[in-house]
Every structure is written in structure tokens, then in C-alpha cells.
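Enquirer: Provided below for reference: sequence and predicted model.
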Amino acid sequence: MKILCVSDYVDPLIYNQNVKEAFSDIDLILCAGDLPMDYVDFIVTVFNKPTYFIFGNHNLKEFPYYHKDVHISGSTKIVQEYADTSHAHGATYLGFETFVDNRFEIPHPVTGKKTPLLIAGCSGSKKYNKGLAQYTDFQMKMKLLKMAPRLFMNKIKYGRYLDILMTHASPRHIHDHEDPCHVGFECYNWFLEKYKPTYMVHGHIHLYDMREERVGQYYDTTVVNAYAHYVIELPMKKENTEQQESN
């Protein structure tokens, strides 16, 4: 299956009427944050393919609709409305959740046995001011730990914890920068080492210099920066795996 990953930038290569012809073989779309929701609407409408999204640290107008305990503008008002269909945009919100997607079948690389797509996600970035969707490393690790029961059920039932982890921020020392806003989460490194997803797809790090690394490896996980757009495949092609190992 081919997966279109987008984040942080309304890419004119995607945001045009001919995009479906240019990306005719896409099976799934991942929106890794900092995108206007009308852009997500466009992607869902034009491709008509299963789409998952998370929030970043910008474009957060609708973030409270998906988080019932969010405080607005520093007040004590708690938003009661929570992830109802009127704010779903035809896409599935993946923030701090794990999903078993039976619409897809992933063949085991050795046995060939087909099992569903296993996917999880985390919204937000490292805390750098008092804005929405910002977390300390400890806060983010607590959110990851809440996923553990479902991940262990995946391991028992399907033989693996996870296929894809989608986040906005990157892991520490993998694609991140040293300014307070763009430092990665150390708990993501812990998560990758422990649960070994095939892919981690993130945004947040803008690729202004195309010499900057977009795809890296951490233990068994290929870490992909989805800035603008990038296409990945699951299961990974053998030649892609060999190339990453040689790098």
C-alpha cells in the first residue's frame, strides 16, 4: 500500500485539481499537523481515501473540539464537545489513540499472513510557551503509556505492536533542532525502541535546505519527515530497506 504523508505546508503539488491523477495509486493519507483544516477537507474530498490527522502547534482553532479538558485562552472554561462528527472533516483524528484499521491488510514479511493496519498518533509539540497542544516530555510519556494496553493486545493478536506512529514533533536528535520550539521528545525515542513501529511519520521540522535529512533510521523504525509531502510504502520494498541500511 502507498501512503501519502503531508504536514506543515499547503503544498501546491497537492492542493490542485489534478492531484488525484498525479498520485493515482495512493491508498491512505496521513496529515501530520500544522495544516489548515480546509486543506484536510480538500485532501479527503479529492482523494476519497482513508485519511488520518493530528494537530501540531499551529492551526489549533478546532483542537478543543477533540479534547474535552482543554482550557481556552487561559480561562477555566472546559470544552464539553468532544470529537463529534460535525468536526471530523471526513478524516479520523489520531491524537493519543491507537487504531486497528481492518480496511487494509498488511502481509507478514516472513509468513505472508495478512493482518490489519496498526496505527497510532500524538498531537502537539514540546512545551515552549503557554500555547495549546504543547507538552513536557513527562506529559507526553504519560500519554504514550496510556496506549500500552492496546499495543500489547496488538502484539498478542497480530505479532507486532504497531505499523505506523504519526506525531507532529520528532524524536530527540532525529531531525529536530535545538531551539525551544523544535526540540524533539526523548520519550519518542523510548517508544520507538520499545514498540518498534515500521514507520514513524512526523512534521514540525521545515525542510528549507533540501540537503537536510528527511528519512532516518532509529533501531527498527524508519523515521520520515512529512514536511510538504512524502510517499511511503507498507510493507517496505526490499531495495528501500537495503538502501537505508547502507546509509
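Expert: All right, it came through fine.
Enquirer: Any stretches of the protein with poor pLDDT?
Expert: 71-88, 237-247 (pLDDT under 70).
Enquirer: now the strands for it?
Expert: Taking DSSP state E as the criterion, the chain contains strands spanning 2-7, 28-31, 51-53, 92-93, 97-107, 114-122, 125-126, 134-135, 164-167, 199-202, 215-218, 221-225, 228-233.
Enquirer: Can you say which of those is nearest to residue 186?
Expert: Smallest distance to residue 186 across the strands of the chain (Cβ to Cβ): 9.7 Å, for strand 125-126. Every residue, glycine included, has its C-beta placed from N, CA and C.
Enquirer: what's in contact with that closest one?
Expert: 56-57, 133-137, 168-169, 180-185, 204 (Cβ atoms under 8 Å, 6 or more residues apart in numbering).
Enquirer: same thing but at 6 Å, please
Expert: 57, 134, 168, 169, 183, 204 (Cβ atoms under 6 Å, 6 or more residues apart in numbering).
Enquirer: returning to that earlier point: just the strands of the chain: most buried one?
Expert: strand 164-167 (a mean of 28; mean count of other Cβ atoms under 10 Å).
Enquirer: partners of that one, with directions?
Expert: Taking DSSP bridges as the criterion, strand 164-167 sits next to strand 114-122 (parallel), strand 199-202 (parallel) in its sheet.
Enquirer: In CSV, list those along with distance to residue 176.
Expert: What follows is the strands paired with strand 164-167, written out as CSV (distance: least, Cβ to Cβ, whole Å):
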stretch, distance to residue 176
strand 114-122, 15
strand 199-202, 9
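Enquirer: right, and the ones you listed - which one's nearest residue 145?
Expert: Across the strands paired with strand 164-167, residue 145 has its closest neighbour in strand 114-122 (11.9 Å, Cβ to Cβ).
Enquirer: Excluding chain neighbours, what is closest to the residue sitting nearest the centre point of the chain?
Expert: What sits nearest the mean C-alpha location of the chain, by Cα atoms, centre = their mean, is residue 166, with 2.0 Å. Among residues not flanking residue 166 along the chain, residue 121 sits closest, at 4.2 Å (Cβ to Cβ, 6 or more residues apart in numbering).
Enquirer: got it, and residue 90?
Expert: residue 44 (3.9 Å).
Enquirer: measure the one you found to residue 53 for me?
Expert: 9 Å (Cβ to Cβ, to the nearest Å).
Enquirer: and for these two, which residues touch both?
Expert: With Cβ under 6 Å, 6+ apart as the test, residue 44 and residue 53 both reach residue 91.
Enquirer: the helices in this structure, which residues?
Expert: Applying DSSP state H to the chain gives helices spanning 19-22, 37-47, 137-146, 148-158, 186-195, 238-246.
Enquirer: Need the winner for burial among those.
Expert: Ranked by mean neighbour count under mean count of other Cβ under 10 Å, those are led by helix 186-195, which reaches a mean of 19.
Enquirer: helices or strands up against that one?
Expert: helix 137-146 (3 or more Cβ pairs under 6 Å, 6 or more residues apart in numbering; DSSP states H and E).
Enquirer: CA atoms of the helix it packs on as CSV?
Expert: Extracted in CSV, the C-alpha atoms of helix 137-146 (Å, rounded to 0.1, in the frame of the first residue of the first chain):
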residue,chain,number,x,y,z
ASP,A,137,8.5,15.3,27.9
PHE,A,138,6.9,13.8,31.1
GLN,A,139,3.4,14.7,30.0
MET,A,140,3.9,13.2,26.6
LYS,A,141,5.3,10.0,28.0
MET,A,142,2.2,9.6,30.2
LYS,A,143,0.1,9.9,27.1
LEU,A,144,2.2,7.2,25.4
LEU,A,145,1.9,4.9,28.4
LYS,A,146,-1.9,5.1,28.2
